[in-house]
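# this one's sequence-less:
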């Protein structure tokens, strides 16, 4: 529904991102068969997202979210996700040694799994620059990539990550079409 939000403001983006994102999510749930799904916030572009979704997309998301234990972590764009899609809404979720939250904490936080920053990484491979979404981890916390079709990415070497992933003592787990490849921060390039 990010595309529909921009379209309502006169920005020419096709409004099909919701359908593409739900289709990817359905495929992953079908393949992996999780018992629980935790959405780390900003699952919806704004408070009106549920009203802008097509009835077909809304029905697909509602059906999917009711097919397993679903947790919506409140984000800065969606502090109150639409109730029509079911699931529990929480500020953060603790599961054993892990804490799932939207925004990573500035202080070291062992077991933290967060979103918000939409990490991506760039590396040079055979003379060509490759930039991809990535998981970023220093071994104690992980910052997850954005899932949405139109979500951008902030390079993990950006100053915004400075307190979260200090120095070059972390890896970017870069996403390929069918694989995830760990790349040492020392090999990465800025934007």
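Structure received. Predicted model, so just to flag it, every value in this text is computed and none were measured. Residues are numbered from 1 along each chain as shown.

# The strand with the most length in the chain pairs with which strands?
In the chain, assigned by DSSP state E, the strand with the most residues is strand 128-137. As defined by DSSP bridges, the strand partners of strand 128-137 come to strand 119-125 (antiparallel), strand 141-143 (antiparallel), strand 171-175 (antiparallel).

# and the nearest residue to residue 172 once chain neighbours are set aside, bridged to which residues?
Distances taken as Cβ to Cβ, 6 or more residues apart in numbering put residue 121 closest to residue 172, at 3.6 Å, once the chain neighbours are dropped. The way it works is simple: take the backbone N, C-alpha and C, and place the C-beta from them, glycine included. Here residue 121 sits in beta bridges with residue 132, as judged by DSSP bridges.

# How many neighbouring residues does residue 121 have?
28 (other Cβ atoms under 10 Å).

# Next: residue 191.
Residues lying near residue 191 (other Cβ under 10 Å) number 11.

# count of neighbours near the spatially closest residue to it that is not a sequence neighbour?
Spatial nearest neighbour of residue 191, excluding adjacent residues (Cβ to Cβ, 6+ apart): residue 155 at 4.7 Å. By other Cβ under 10 Å, 20 other residues sit near residue 155.

# how close does residue 155 sit to residue 101?
Look at residue 155 and residue 101: by Cβ to Cβ, to the nearest Å, they are 22 Å apart.

# separation between residue 65 and residue 117?
Residue 65 is 24 Å from residue 117, where distance means Cβ to Cβ.

# Identify the residues contacting the residue nearest to residue 191.
Applying Cβ atoms under 8 Å, 6 or more residues apart in numbering to residue 155 gives the contacts 119, 120, 121, 122, 131, 188, 190, 191.

# Quickly check those residues for the two that are furthest apart.
Using Cβ to Cβ, the contacts of residue 155 reach their maximum pairwise distance at 119 and 190, which is 13.1 Å.

# Okay, and residue 113 sits in which element?
Per DSSP states H and E: residue 113 is located in strand 112-114.

# Same check on residue 31?
When elements are assigned from DSSP H and E, residue 31 belongs to helix 17-32.

# Any idea how far that helix is from the middle of the chain?
Between the centre of helix 17-32 and the centre of its chain there are 13 Å (Cα atoms, centre = their mean, to the nearest Å).
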